[in-house]
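In: Predicted structure and sequence below. I'll ask about it afterward.
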Amino acid sequence: MGSTFKNSCLVGLGAIAGVAISMQFSALAQKPVEAGMPMAELRQLADVYGVIKATYVEPVEDKALLSEAISGMVASLDPHSAYLDPRAFRELREGTEGRFVGLGIEISESEEGYVEIVAPIEDSPAFHAGIKEGDLITEIDGHPVQGLPINDAIKRMRGEPGTRVTLTIARKDAPEPLRFTIVRSEIIQKSVKARMVEPGYAWVRVSQFQEPTVDDMAAKLQALYREDPDMKGLVLDLRNDPGGLLQGAIGVAAAFLPKDAEIVSTNGQLADSKQRFYGRPEFYMLRSGSDPLASLPSAFKSLPMVVLVNTGSASASEIVAGALQDYKRAIILGTQTFGKGSVQTIRPIGRDAAVKLTTARYYTPAGRSIQARGIVPDFPVDETAEGDGLNALRMREADLERHLSNDRDKEVATRQDDIDEQVRVLAEARLRKPVDYGSNEDFQLAQALRHLKGEQVQLSKGARSTRLAQQAVEGR
């Protein structure tokens with residue numbers, strides 16, 4: 001399927017490895033399973049454990065061995081189920097709260113195999129230390145990072161609050177390597193950005209769905225309205241938003257949809273996985289207090305909207321895009337989304353660990369399953385005027401081993417491999433730095449603004465082929 005592009009990661013910001021999830025935390029009592037347990041297979045597991053302990057080349061800790069066995073069992077189910085050891089469980093909880101311990105840098109892997117700084121987070125330890133966009137991390141505490149998997153680099157930079165890490169930096173305008181010793185500390189991440197990009201036109205970006213997201217977005221929308229009560233249009237930017245808390249997605253969608261509108265439904269094996277979620281406070285409020293959406297100006301229910309999506313838009317962001325598309329509340333512009341239409345529930349195991357288990361599929365208000373398909377934009381638009389750039393190199397749900405099937409439309413999950421491969425080849429020939437979302441160079445944002453103004457949009461070069469294939473699948 002060609003090369004894949006690694007999305008940037010938030011070091012010390014608790015970004016969940018891979019694609020984030022539409023999460024629900026649950027302490028549901030487990031059914032007793034002793035009577036139906038496969039004793040022969042369990043004896044075999046015990047025999048393998050005994051052989052390893054007795055004959056492996058060096059001693060292996062019991063805890064590590066059993067933890068890996070549990071991890072393998074859960075990971076074999078699908079790409080999004082996982083066993084969370086105490087550290088992973090803690091990081092997951094921190095990620096949903098929007099509070100993290102670390103350096104405060106957004107990173108990606110450079111072409112040379114180093115760790116590249118995409119941006120330091122404002123007011124973070126890295127920001128105050130003088131780390132700059134474009135810096136290359138060549139060593140972490142004296143350990144070379146060239147060729148080191150990015151997840152291993154992240155582990156080396158994470159740690160406890162108050163501890164220190166030394167980064168060796170290569171900077172274009174510096175003749176010698178620079179060294180920065182940074183003290184890790186708690187960072188409060190803001191998942192919502194907003195500003196007026198042109199007179200009358202607002203841009204609101206949601207980078208991840210966390211506990212504070214709905215409150216933050218409501219505050220940003222109110223500030224935009226105070227700045228310009230006569231807004232003509234709004235662009236909701238969900239590109240590279242990997243998902244997060246289901247409640248955050250419901251709240252964001254509810255801000256723009258009619259009161260009490262259905263946002264999403266779920267269906268799975270257990271009774272508590274068969275649910276419908278509506279745009280009401282009890283479905284999106286995670287904290288006590290007043291409803292953050294109650295005081296929003298009514299103009300946001302009818303203001304012309306465009307939603308920007310790409311292959312990095314997944315899970316909770318697909319819920320928002322799908323709901324706004326079903327109600328014809330907004331035009332979806334960009335590239336086909338990731339296609340993660342499953343819900344993961346966190347089941348605590350003991351005091352410090354948990355299992356993140358896929359328990360349901362979710363469906364848009366019109367009953368569409370997004371699993372292994374994604375949201376197909378109303379206006380397919382590439383990342384740049386020349387082509388889809390780095391976005392074309394990213395994987396989708398349908399590329400992952402053991403992914404769940406689309407239970408509503410089996411054929412739609414099939415990707416157009418020939419078209420995608422051609423796009424990948426073109427993209428690899430013109431690799432470029434990631435787009436600075438919201439900037440004057442943001443091509444997709446410019447096309448969204450053109451649509452809001454009633455001007456012609458420059459569609460993707462492969463848009464005609466994609467639309468014809470989609471129409472054939474849907475029988476149109």
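Out: Now that the structure is in, tell me what you want to look at. Numbers count the residues shown, from 1 in each chain.

In: and residue 196, what does it touch?
Out: Going by CB atoms under 8 Å, 6 or more residues apart in numbering, residue 196 touches 202-203, 224, 227-228. For glycine as for every other residue, the C-beta is placed from the backbone atoms N, C-alpha and C.

In: ok, so of the residues you listed, who is nearest residue 251?
Out: residue 224 (17.0 Å; CB to CB).

In: Surely that closest one touches residue 192?
Out: No - the pair residue 224 / residue 192 is not scored as a contact, 11.3 Å apart, by CB atoms under 8 Å.

In: shared neighbours, those two?
Out: With CB under 8 Å, 6+ apart as the test, residue 224 and residue 192 both reach residue 204.

In: Report the buried residues of the helix or strand residue 282 falls within.
Out: Secondary structure assigned from DSSP states H and E places residue 282 in helix 281-284. Neighbour-count burial for helix 281-284, with 16 or more other CB atoms under 10 Å as criterion, is recorded at 283-284.

In: That helix - contacts with which helices or strands?
Out: The elements that helix 281-284 packs onto, with contact taken as 3 or more CB pairs under 8 Å, 6 or more residues apart in numbering; DSSP states H and E, are helix 246-254.

In: Export stretch 338-352 to CSV, keeping only CA atoms.
Out: What follows is stretch 338-352, C-alpha atoms only, in CSV (Å, rounded to 0.1, in the frame of the first residue of the first chain):
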residue,chain,number,x,y,z
PHE,A,338,-9.8,7.8,8.7
GLY,A,339,-12.8,5.6,9.1
LYS,A,340,-12.8,4.6,12.8
GLY,A,341,-16.4,3.9,13.7
SER,A,342,-15.9,2.0,16.9
VAL,A,343,-16.3,2.8,20.6
GLN,A,344,-13.8,1.8,23.2
THR,A,345,-14.8,1.4,26.9
ILE,A,346,-12.3,1.6,29.7
ARG,A,347,-12.8,-1.3,32.1
PRO,A,348,-10.6,-0.9,35.3
ILE,A,349,-8.7,-4.0,36.3
GLY,A,350,-7.7,-3.8,39.9
ARG,A,351,-6.5,-0.4,41.2
ASP,A,352,-4.0,0.8,38.7
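
In: Please work out the average pLDDT along it.
Out: For stretch 338-352, mean pLDDT rounds to 88.

In: same thing with stretch 216-235?
Out: 98.

In: At which residues are the strands of the stretch 151-300 of the chain located?
Out: Secondary structure of the stretch 151-300 of the chain (DSSP state E, counting those that start in this stretch): strands at 164-170, 178-183, 185-188, 192-198, 201-206, 233-237, 244-245, 262-268, 275-278.

In: Just send those strands back as TSV, with distance to residue 136 too.
Out: Converted to TSV, these look like this (distance: least, CB to CB, whole Å):
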stretch	distance to residue 136
strand 164-170	4
strand 178-183	10
strand 185-188	22
strand 192-198	26
strand 201-206	26
strand 233-237	28
strand 244-245	29
strand 262-268	41
strand 275-278	44
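
In: among those strands, which gets the worst mean confidence?
Out: strand 185-188 - the lowest mean pLDDT of the strands of the stretch 151-300 of the chain, at a mean of 82.

In: so what does it touch, helix or strand wise?
Out: Using 3+ CB pairs under 8 Å, 6+ apart, strand 185-188 sits against strand 99-102.

In: Can you tell me the SS state at residue 139?
Out: With DSSP: H, G, I helix; E, B strand; the rest coil as the basis, residue 139 sits in strand.

In: which of the strands of the stretch 151-300 of the chain sits most buried?
Out: strand 244-245 (a mean of 27; mean count of other CB atoms under 10 Å).

In: Which strands and helices lie in contact with that one?
Out: strand 22-25, helix 86-97.

In: which residues does the closest residue to residue 227 other than its chain neighbours form a beta bridge with?
Out: Nearest non-adjacent residue to residue 227, counting by CB to CB, 6 or more residues apart in numbering: residue 196, 6.1 Å away. For residue 196, the beta-bridge partners are residue 202 (DSSP bridges).

In: could you measure residue 196 against residue 232, distance?
Out: Using CB to CB, to the nearest Å, residue 196 is found at 11 Å from residue 232.

In: Also residue 256?
Out: Taking CB to CB, one finds residue 256 at 15 Å from residue 232.

In: My read is that residue 367 contacts residue 408, right?
Out: Yes - Residue 367 is in contact with residue 408 according to CB under 8 Å; the separation is 7.0 Å.

In: Compare those two and say which is more crowded by neighbours.
Out: residue 408 (16 against 9; other CB atoms under 10 Å).

In: The helices and strands packed on strand 244-245: lowest mean pLDDT?
Out: strand 22-25 (a mean of 50).

In: about what we covered before: ok, which of the strands of the stretch 151-300 of the chain comes nearest residue 334?
Out: Of all the strands of the stretch 151-300 of the chain, strand 233-237 comes closest under CB to CB, at 9.4 Å.

In: quick revisit: mean confidence for the helix holding residue 282?
Out: Mean predicted confidence for helix 281-284 is 96.

In: ok, and what's touching that helix?
Out: 214, 247-248, 250-251, 254, 263, 277, 291, 293-294.

In: Settle it for me: which of residue 256 and residue 232 has more neighbours?
Out: More crowded of residue 256 and residue 232, by other CB under 10 Å: residue 256, with 25 against 15.

In: re earlier: need the contacts of helix 281-284 in JSON lines (columns: distance to residue 307).
Out: JSON lines is the format used below for these (distance: CB to CB, whole Å):
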{"residue": "214", "distance to residue 307": "17"}
{"residue": "247", "distance to residue 307": "19"}
{"residue": "248", "distance to residue 307": "15"}
{"residue": "250", "distance to residue 307": "16"}
{"residue": "251", "distance to residue 307": "15"}
{"residue": "254", "distance to residue 307": "15"}
{"residue": "263", "distance to residue 307": "14"}
{"residue": "277", "distance to residue 307": "19"}
{"residue": "291", "distance to residue 307": "23"}
{"residue": "293", "distance to residue 307": "18"}
{"residue": "294", "distance to residue 307": "23"}
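
In: for the host helix or strand of residue 357, the distance to its chain's centre please.
Out: Residue 357 is part of strand 353-363 when elements are defined by DSSP H and E. For strand 353-363, the separation from the chain centroid amounts to 16 Å (computed by CA atoms, centre = their mean, to the nearest Å).

In: got the angle for that strand vs helix 246-254?
Out: 30 degrees (axes from the mean of the first three to the mean of the last three CA atoms, to 10 degrees).

In: Do a quick rundown of the helices in this protein.
Out: Taking DSSP state H as the criterion, the chain contains helices spanning 39-55, 62-75, 86-97, 125-129, 150-157, 213-227, 246-254, 281-284, 316-326, 417-429, 443-452, 463-473.

In: In the second one, which of the residues would be classed as buried?
Out: In this case it means helix 62-75. residue 74.

In: what does the average pLDDT come to for it?
Out: pLDDT averaged over helix 62-75 gives 89.

In: ok, residues contacting it?
Out: With CB under 8 Å, 6+ apart as the criterion, helix 62-75 contacts 45, 49, 52-53, 81-83, 85, 355-357.

In: quick one: the residue nearest to residue 192 when sequence neighbours are not counted and residue 207, what's the gap?
Out: Closest residue to residue 192 apart from its sequence neighbours, by CB to CB, 6+ apart: residue 216 at 4.2 Å. Residue 216 sits 11 Å away from residue 207, going by CB to CB.
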